[in-house]
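[1] compute the structure for the input listed below.
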Amino acid sequence: MVIRKKYLFYTLAITSSFIAAAVTGVDSFVGGQPAFKTDPWSFAFSLFFVGSIITLLISLILSIKIHGKSLGAKILDPSFKNLRMVQKSELKSHIIAGVMNAINTVGYCSIVSTVQDPSVILSFSQIVILYLLLMESITEKDVPTLVEVQSSVIVTFGAILASISLTGAFQLFPILIVFLVVNPTWAVFSIYQRKLKIMRINNRPNDSINIRFWNIIFSCLFTALLIFFFDLFTSGSHLLAGVTASIDPYYFMLLALTMGTTFFAYVLYIRSLGMGKASVNNAIRASTIIFAIPFSIIMLQLGLITEFSTDPVMLIIKVIGMVLIVMGIISFALTLVKAYIFIDVKTGRPLKETMQKLWNIRGVSHVTITSGKHDFIVKVSTRTLMKGYERIIRKLDEIEEIKKYHWESVLKDWEKI
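    Now for the predicted structure:
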């Protein structure tokens with residue numbers, strides 16, 4: 001089955017957001033259990049410890065071949081072949097992503113252990129979009145366009161308004177944890193997960209299932225080390241408490257439920273990262289706030305959170321915030337322009353040097369040397385057609401090695417599911 005790449009990207013990102021909203025609701029319930037309510041450290045370790053087991057089992061099941069193709073390739077990621085060992089080229093990114101995920105999860109667990117309504121914290125966590133825009137301008141030679149900044153600000157402002165809790169509660173400490181711990185670490189984590197997804201391993205595109213499996217393994221390792229040293233300096237027993245809770249049948253089942261569901265949310269998120277920038281992905285993930293509302297209502301009906309506030313002003317503000325989030329996402333969706341530039345180089349000019357000059361142009365995402373009619377095929381992405389076109393053309397005119405070039409805008413593109 002094939003689908004337009006743009007539609008696939010938004011389908012993956014939004015589906016991941018829906019599953020993530022469900023996971024946050026479950027995590028709020030699990031984090032409120034006696035073993036974790038006052039000990040987010042043991043909660044974080046238990047999540048990764050049990051998650052490693054569950055992720056291994058799911059990955060092995062997805063490695064089963066059906067008609068010569070793995071089950072995982074059929075239902076989740078066409079690039080997946082089977083579970084494999086970490087390659088040297090991806091080790092650094094896995095280590096950084098693992099450390100960031102470990103710290104992020106400890107902060108996240110401290111929040112869900114104290115906040116009943118997950119829609120509140122999910123809202124404030126969307127500020128990470130601005131963190132990502134700044135980081136991408138540094139790490140991906142891609143200064144955000146005015147459209148990207150405007151859309152991100154709309155989504156972020158909407159997220160803040162949507163953070164009005166349906167329970168009418170406001171807690172300062174969890175908000176500080178989001179701004180100082182959760183958001184910065186999630187931004188770095190997303191950047192390096194994207195680096196992993198766009199890598200080629202053994203001449204094949206890297207797959208999101210192996211990336212998720214090894215991330216959970218590295219995250220578990222670094223979380224254990226983090227808690228071990230914390231226990232060492234504080235004479236605590238959080239690591240032991242986490243192990244004890246993990247092997248308890250009741251807690252194991254709860255943790256397996258949340259981490260099993262999380263696996264699919266992350267796999268879809270990582271796959272979408274390979275198709276678009278981390279800032280755009282997280283702008284779309286702001287829809288998690290909207291999806292969290294029905295789960296908050298379910299938790300209300302189950303008696304897991306207090307009654308909602310009926311103050312019409314609070315409800316109107318929250319609805320306005322949700323509308324802004326949707327507007328920001330639509331703005332991202334409608335402004336992306338892709339094109340291919342076919343380039344001929346003057347006789348006798350070095351291709352390698354020319355390739356580097358092409359790669360240095362902001363907006364260029366792929367540079368390919370060919371043996372056919374043209375010397376280079378360059379793929380570009382921009383969010384402002386006129387301004388982006390003029391800027392790229394001006395840069396091409398400055399490269400003296402180029403003899404001539406031809407621009408072809410992409411109207412539609414498709415990708416195999």
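[2] where does the stretch 1-150 of the chain have low pLDDT?
    The stretch 1-150 of the chain contains residues with pLDDT under 70 at 1-6, 112-127, 133-146, 148.
[3] those strands in it, which residues are they?
    Applying DSSP state E, counting those that start in this stretch to the stretch 1-150 of the chain gives strands spanning 2-4, 65-66, 69-70.
[4] state the number of residues packed around residue 279.
    29 (other CB atoms under 10 Å). C-betas here are computed from N, CA, C, even on glycine.
[5] cool, and the one 4 residues further on?
    Applying other CB under 10 Å, we find 30 other residues in the vicinity of residue 283.
[6] that one and residue 230, how far apart?
    34 Å (CB to CB, to the nearest Å).
[7] residue 318 reaches residue 158, doesn't it?
    No - counting by CB atoms under 8 Å, residue 318 stays clear of residue 158, with 10.0 Å between them.
[8] who has more neighbours, these two?
    In this view residue 318 and residue 158 are compared by other CB under 10 Å, and residue 158 has more residues nearby, 24 against 21.
[9] now for the more buried one: which residues touch it?
    Residues in contact with residue 158 (CB atoms under 8 Å, 6 or more residues apart in numbering) are 286, 320-328.
[10] skipping adjacent residues, who's closest to residue 62 in space?
    Leaving out its chain neighbours, the residue that sits closest to residue 62 by CB to CB, 6 or more residues apart in numbering is residue 72, at 3.2 Å.
[11] next, count neighbours for the one you found.
    25.
[12] residue ranges with poor pLDDT in the stretch 301-417 of the chain?
    301-311, 329-330, 332-336, 383-388, 412-417.
[13] and the helices in it?
    Applying DSSP state H, counting those that start in this stretch to the stretch 301-417 of the chain gives helices spanning 312-335, 351-359, 385-397.
[14] winner for burial among those?
    helix 312-335 (a mean of 17; mean count of other CB atoms under 10 Å).
[15] just checking, what packs against that helix?
    Judged by 3 or more CB pairs under 8 Å, 6 or more residues apart in numbering; DSSP states H and E, the packing partners of helix 312-335 are helix 146-162, helix 278-284, helix 288-301.
[16] got the domain ranges for this structure?
    As assigned by automatic domain parsing, the chain contains the domains 2-132+169-305, 338-416.
[17] picking that back up, of all the contacts of residue 158, which comes closest to residue 369?
    residue 328 (38.2 Å; CB to CB).
[18] and the nearest residue in space to residue 111 that is not next to it in sequence, how many neighbours does it have?
    Nearest residue to residue 111, sequence neighbours excluded (CB to CB, 6+ apart): residue 174, at 4.5 Å. Using other CB under 10 Å, residue 174 has 21 other residues around it.
[19] which parts of the helix or strand hosting residue 174 are buried?
    For residue 174, the element it lies in under DSSP states H and E is helix 172-177. Residues 174-175, 177 are the ones in helix 172-177 that count as buried (16 or more other CB atoms under 10 Å).
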